[in-house]
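In: Sequence and predicted structure, then a few things I'm wondering about:
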Amino acid sequence: MPDVKLPDGSIRSYPNSPTVAEVAASIGAGLAKAALAGKVDGKLVDTSFLIDRDVELAIVTDRDAEGLEIIRHSTAHLLAYAVKELFPDAQVTIGPVIENGFYYDFAYKRPFTPEDLEAIEKRMAELARQDIPVNREVWERDEAVKFFLGQGEKYKAELIGAIPAGEQVSLYREGDFIDLCRGPHVPTTAKLKVFKLMKVAGAYWRGDAKNEMLQRIYGTAWAKKEDLEAYLHMLEEAEKRDHRRLGKQYDLSTCRKKRRALFSGTPRVGPCGRRSSSTCVPSIATTATRRCAAPRFSTGACGRNPAIGSITRTICSPRPRKTGITR
């Protein structure tokens, strides 16, 4: 008869070993519906986790920071699920959570296009609406390696093969898709409602340039639609203030595309930029002089245009005293 201590200090006793989901349901229907995971004695677990001893338990919802991270991690798996359904020949690798979202790396015979991203995102939404259960399974390491090799998933088999022999591995199954993961994950795909795929970029397998180039699909996921809209608005405003865009728009500067005296990408100051420079540089020089610093301005390619942002400052050191000691 395990006793479960809740965050408010109350203790509930259960005649049989309950799951985290069952404890949430015994507290209230609203909490049961909102539950994404549990924290048992400080460790995050799935809602299907069986409590067979006295523990301290907190139910994790989308209001918690851990809940949002679980949503993003589960959405990465949903992305892989959708890609495998639309592109069966694609191989899955890893899909971690990052700041404000997630990514998943794939090996595929051709680059993913913007149209592909639209189709993948649409399929993700369809899978989410199907309310597919997400279940954790524990496999023997060698059995898991054999399974993924049989599926043509060499990258996943390589990851599992690096786990010490004799250890068990944690896999998560949703529908026909199964993936390696420590978890925890949301109990059902229906918990994943607010997400958007952002872009595709290249990435080397395991971050090594000697390995194969993979395709990394970035996405973002949130608990509420309003949060997603606010995030996208923030990115839109940041784009408007991008110095590369403003430099070209107002003829302040452009970046060199050809390798010349310095290197490709050296800013070339335009007419408006030179006018701004003639106004700002004396002010910077005056400030530097007051601080006992000697401003130095490096020039751009061919020595004609000052490189933007290349002003440096050298702090003056005091002169040594005359001590009579000869060095």
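Out: Structure received.
In: Count the neighbours of S13 for me.
Out: Residues contacting S13 under the criterion other Cβ atoms under 10 Å number 9. No exception for glycine: its C-beta is placed from N, CA and C like everyone else's.
In: And for the one 3 residues further on?
Out: Residues near N16, counting by other Cβ under 10 Å, number 10.
In: That one looks like it's in a strand, true?
Out: No. Going by DSSP: H, G, I helix; E, B strand; the rest coil, the assignment for N16 is coil, not a strand.
In: what about the strands in the stretch 101-250 of the chain?
Out: 101-107, 134-140, 168-174, 177-180, 194-204, 213-222 (DSSP state E, counting those that start in this stretch).
In: Can you add mean neighbour count and give those back as a markdown table?
Out: Compiled in a markdown table, the strands of the stretch 101-250 of the chain are given as follows (neighbours: other Cβ atoms under 10 Å):
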| stretch | mean neighbour count |
| --- | --- |
| strand 101-107 | 22 |
| strand 134-140 | 15 |
| strand 168-174 | 17 |
| strand 177-180 | 20 |
| strand 194-204 | 17 |
| strand 213-222 | 21 |
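In: Could I get these in a markdown table, plus columns for distance to D89 and mean pLDDT?
Out: Conversion of those to a markdown table gives the following (distance: least, Cβ to Cβ, whole Å; pLDDT from 0 to 100):
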| stretch | distance to D89 | mean pLDDT |
| --- | --- | --- |
| strand 101-107 | 9 | 98 |
| strand 134-140 | 24 | 97 |
| strand 168-174 | 20 | 97 |
| strand 177-180 | 15 | 97 |
| strand 194-204 | 17 | 97 |
| strand 213-222 | 13 | 98 |
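In: would you turn these into CSV with distance to H73?
Out: Converted to CSV, these look like this (distance: least, Cβ to Cβ, whole Å):
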stretch, distance to H73
strand 101-107, 7
strand 134-140, 11
strand 168-174, 10
strand 177-180, 11
strand 194-204, 12
strand 213-222, 9
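In: quick one, which of these is nearest to L159?
Out: L159 sits nearest to strand 177-180 of all the strands of the stretch 101-250 of the chain, at 6.3 Å, using Cβ to Cβ.
In: what packs against the closest one?
Out: Packed against strand 177-180 by the contact rule (3 or more Cβ pairs under 8 Å, 6 or more residues apart in numbering; DSSP states H and E) you find helix 65-86, helix 154-161, strand 168-174.
In: which residues are contacting that strand?
Out: If you take Cβ atoms under 8 Å, 6 or more residues apart in numbering as the criterion, strand 177-180 is touched by 77, 80-81, 84-85, 92, 137, 144, 148, 156, 159-160, 169-172.
In: How far away from the center of its chain is it?
Out: Put simply, strand 177-180 sits 20 Å off its chain's centre (Cα atoms, centre = their mean, to the nearest Å).
In: For G175, what are phi and psi?
Out: Backbone geometry at G175, expressed as degrees, to the nearest 10, gives phi 60, psi -130.
In: close enough to count as contact, it and L127?
Out: Yes. With contact defined as Cβ atoms under 8 Å, G175 and L127 form a contacting pair (7.3 Å).
In: Perfect, that will be all.
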